[in-house]
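Visitor: Just need the structure, nothing else, for what follows:
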Amino acid sequence: MYQINKLQENGLNYIEILGNENKSSAKICLDRGGALETLTINSHPVIVDLDPLEYKNTYASSVLFPFANRIKDGKYTYKGVGYQFDCNETGNNNALHGLVYNKSFEVVDSETSDKAASVTMTYTTSTKNKAFPYLFTITLKFTVTNSSIDLQVEVDNNDTNTFPFTIGWHPYFLSDDLYHSTLSLSTIKTIEFDERMITKNIIEEKAKMPIEIKDQQLDDCYALGEGRVVFNTPKYKMTIDTTGKENFFQMYTPPKKNVIALEPVTGVSDSFNNKLGLQELKAGDKYKINWTVTLE
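Guide: Predicted coordinates for the structure are as follows:
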């Protein structure tokens, strides 16, 4: 029987999911935007603590909303009105990864059985951010089985106005030997960045597959033809699937051995300005997306 426990560590609130014989487990930080801090699937640790790297620099496993990646100088215009986000990437003077990564979520539902467990948590805005003056609720539902984890994200527009958005997820995955690991994905375009990691060009060609990681320092983004990415390591093969209609994929190797960020996103860097992947959610409407990680 799966178990769900509430924990508190270093002043932060967590939810822990434990599977049968601990073959699968997950730990989610409620006070860091519902970030999935650790994950074991079928006895394989696939997401681990990134210590000594700090969350404020990694945004590890955070949900990225109302924008994924960056907005140049934090500035954008929507329906003829200019807005200014705080630039939390100070070195490059960009706004980075949205407004949810440091918010506290509340558990509203949970279910357990012999085969799975799920936890549902929500965050609702009570005031309007000056850079994104809209009211919304974001709901995360994590479902863990012996072979997978599914993250369902639902956004409700509680406002009286339509708002723009992209959305993404920022998990870092562990390989026991990243040098000999590969990535396979169906690319249709390559996103080229400038020195500030702002989109400057779209290369209309497919990337060669598989991508051999070896000792590359990756910080790359692709437009996908299909919403599936395959991560092959010497110990396990993992797929990341998305239900999004327009999908991009960011990958990044941090300064920590054998760890790689594999990020499904619906838009690219500076999408609030270049409109690549940018969507709109009308007042009273809902948007839903699922990301599913499966070990074969």
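Visitor: Strands of the stretch 51-200 of the chain, residue ranges please.
Guide: 62-64, 70-72, 75-78, 81-84, 94-96, 106-112, 116-124, 136-145, 148-157, 163-165, 168-170, 172-174, 182-193, 199-203 (DSSP state E, counting those that start in this stretch).
Visitor: Just send these back as JSON lines, with mean neighbour count, distance to L224 and mean pLDDT too.
Guide: The C-beta positions use only the backbone N, C-alpha and C, and glycine is treated the same way. Putting the strands of the stretch 51-200 of the chain into JSON lines (neighbours: other CB atoms under 10 Å; distance: least, CB to CB, whole Å; pLDDT from 0 to 100) gives the following:
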{"stretch": "strand 62-64", "mean neighbour count": "26", "distance to L224": "17", "mean pLDDT": "98"}
{"stretch": "strand 70-72", "mean neighbour count": "24", "distance to L224": "19", "mean pLDDT": "98"}
{"stretch": "strand 75-78", "mean neighbour count": "17", "distance to L224": "24", "mean pLDDT": "98"}
{"stretch": "strand 81-84", "mean neighbour count": "11", "distance to L224": "29", "mean pLDDT": "98"}
{"stretch": "strand 94-96", "mean neighbour count": "23", "distance to L224": "22", "mean pLDDT": "98"}
{"stretch": "strand 106-112", "mean neighbour count": "14", "distance to L224": "31", "mean pLDDT": "98"}
{"stretch": "strand 116-124", "mean neighbour count": "19", "distance to L224": "27", "mean pLDDT": "98"}
{"stretch": "strand 136-145", "mean neighbour count": "21", "distance to L224": "23", "mean pLDDT": "98"}
{"stretch": "strand 148-157", "mean neighbour count": "19", "distance to L224": "18", "mean pLDDT": "98"}
{"stretch": "strand 163-165", "mean neighbour count": "21", "distance to L224": "19", "mean pLDDT": "98"}
{"stretch": "strand 168-170", "mean neighbour count": "26", "distance to L224": "13", "mean pLDDT": "98"}
{"stretch": "strand 172-174", "mean neighbour count": "22", "distance to L224": "18", "mean pLDDT": "98"}
{"stretch": "strand 182-193", "mean neighbour count": "18", "distance to L224": "6", "mean pLDDT": "95"}
{"stretch": "strand 199-203", "mean neighbour count": "14", "distance to L224": "14", "mean pLDDT": "95"}
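Visitor: What ranges in the chain fall below the confidence cut-off?
Guide: Residues of the chain meeting the criterion pLDDT under 70: none.
Visitor: quick one: the helices in it?
Guide: 55-58, 271-274 (DSSP state H).
Visitor: measure the closest residue to N94 other than its chain neighbours to E263 for me?
Guide: In space, and not counting its chain neighbours, N94 is closest to R70: 4.2 Å by CB to CB, 6 or more residues apart in numbering. For R70, the distance to E263 equals 13 Å [CB to CB, to the nearest Å].
Visitor: go on, K141?
Guide: 19 Å.
Visitor: Counting neighbours, which bits of the longest strand seen in the chain end up buried?
Guide: Longest strand in the chain by number of residues (criterion: DSSP state E): strand 219-232. The neighbour-count check on strand 219-232 (16 or more other CB atoms under 10 Å) flags D220, C221, Y222, A223, L224, G227, R228, V229, V230, F231, N232 as buried.
Visitor: contacting residues for the first one?
Guide: Residues touching D220, when contacts are defined by CB atoms under 8 Å, 6 or more residues apart in numbering, comprise T190, I191, Q250, M251, Y252.
Visitor: Adding distance to T77, write the buried residues of strand 219-232 out as TSV.
Guide: Shown next, in TSV, are the buried residues of strand 219-232 (distance: CB to CB, whole Å):
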residue	distance to T77
D220	28
C221	23
Y222	27
A223	24
L224	28
G227	30
R228	35
V229	33
V230	39
F231	38
N232	43
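Visitor: From the residues you listed, pick the one nearest E106.
Guide: G227 (29.7 Å; CB to CB).
Visitor: Am I right that that closest one is in contact with G244?
Guide: Yes. G227 is within contact range of G244, at 6.1 Å (criterion: CB atoms under 8 Å).
Visitor: so what sits against both of these two?
Guide: P264.
Visitor: distance of K75 from Y134?
Guide: Taken as CB to CB, the span from K75 to Y134 is 17 Å.
Visitor: Which stretch among the strands of the stretch 51-200 of the chain approaches A283 most closely?
Guide: strand 148-157 (5.6 Å).
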